[in-house]
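*Asks:* Here's a sequence, model it:
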Amino acid sequence: MAKREFEDAVEELDERVVHIARTAKVVKGGRRFSFRALVVVGDNKGSVGIGIGKAREVPEAIRKASERARRSMKKVAMIGTTVPHEVTARESGAQVFLKPASPGTGVIAGGGVRAVVEAAGIRNILTKSQGSANILNVVKATMKGLIEMQDPVSVANIRGVPLKRVQPFWSKDND
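*Replies:* Numbering: from 1, shown residues only. Purely as a prediction, here's the structure:
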């Protein structure tokens with residue numbers, strides 16, 4: 001019974017293959033090809049993880065990446081369907097800027113950034129990717145930025161101010 005419940009929980013996760021790269025190793029007889037897969041997994045409720053898998057065949061690389069993404073899932077701070085505050089994150093040469101957006105804006109993001117924020121369950125956000133367009137580094141920078149987000153309730157408690165002072169003006173809790 002417990003195994004069946006676990007399988008149901010696994011099926012609920014949003015899994016996206018973001019990138020597949022073919023790599024080559026030069027050996028005595030020529031080139032030996034393998035594949036690297038980048039997968040994003042999220043529950044659409046505030047948890048998201050990324051995984052990289054390498055194998056000789058594409059399906060095996062995707063399976064490995066998916067397993068690693070499930071194990072690396074982290075909780076992301078959110079206010080309703082957006083992020084609580086602006087953040088800029090860097091990974092190597094890639095820089096990603098994440099900014100909260102009012103309800104109805106949608107996800108203004110491209111490629112790897114869109115996959116990560118949608119898998120996390122964020123429905124309204126403004127983003128800008130600068131610097132390197134290397135999809136692996138862009139996805140890692142986005143993940144780093146989401147992890148750096150601070151929960152508004154804990155920030156309000158630390159500062160000793162009301163919750164509405166640290167939330168965006170359109171938040172429902174500000175009424």
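
*Asks:* for the spatially most central residue of the chain, what are its contacts?
*Replies:* Per Cα atoms, centre = their mean, the C-alpha nearest to the average position across the chain is that of V116, at 3.0 Å. Taking Cβ atoms under 8 Å, 6 or more residues apart in numbering as the criterion, V116 is in contact with V40, G42, V48, I50, V139, T142, M143, L146. From N, CA and C alone the C-beta is placed, and that goes for glycine too.

*Asks:* hey, what's the first one bridged with?
*Replies:* Going back to what we said before, that points to V40. In this structure, V40 has beta-bridge partners R16, I50, where bridges are defined by DSSP bridges.

*Asks:* mind checking pLDDT for it?
*Replies:* The score at V40 is 96. That number is its pLDDT.

*Asks:* Is it correct that it is in contact with A119?
*Replies:* Yes. In this structure, V40 sits in contact with A119. The criterion is Cβ atoms under 8 Å, and the distance is 4.9 Å.

*Asks:* hey, what's in contact with both of those two?
*Replies:* When Cβ under 8 Å, 6+ apart defines a contact, the residues bordering V40 and A119 alike are R16, V48.

*Asks:* More neighbours: which of those two?
*Replies:* V40 (28 against 25; other Cβ atoms under 10 Å).

*Asks:* distance of the more buried one from K75?
*Replies:* Using Cβ to Cβ, to the nearest Å, we find V40 at a distance of 15 Å from K75.

*Asks:* A37 now?
*Replies:* Using Cβ to Cβ, we find A37 at a distance of 24 Å from K75.

*Asks:* So between those two, which is more surrounded?
*Replies:* A direct count of neighbours by other Cβ under 10 Å for A37 and K75 places A37 higher, at 24 against 15.

*Asks:* tell me the contacts of that one?
*Replies:* Residues in contact with A37 (Cβ under 8 Å, 6+ apart) are V17, H19, I20, I52, G53, K54, V58, A61, I62, K64, A65.

*Asks:* cool, G93 as well?
*Replies:* With contacts defined as Cβ under 8 Å, 6+ apart, the neighbours of G93 are G131, S132, N134, N137.

*Asks:* Would you format the residues you listed as a markdown table with secondary structure, distance to F97 and neighbour count included?
*Replies:* Putting the contacts of G93 into a markdown table (DSSP: H, G, I helix; E, B strand; the rest coil; distance: Cβ to Cβ, whole Å; neighbours: other Cβ atoms under 10 Å) gives the following:
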| residue | secondary structure | distance to F97 | neighbour count |
| --- | --- | --- | --- |
| G131 | strand | 11 | 15 |
| S132 | coil | 14 | 16 |
| N134 | coil | 17 | 16 |
| N137 | helix | 15 | 20 |
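
*Asks:* pLDDT for the residues you listed - can I get that in a markdown table?
*Replies:* Below are the contacts of G93 laid out as a markdown table (pLDDT from 0 to 100):
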| residue | pLDDT |
| --- | --- |
| G131 | 94 |
| S132 | 93 |
| N134 | 94 |
| N137 | 96 |
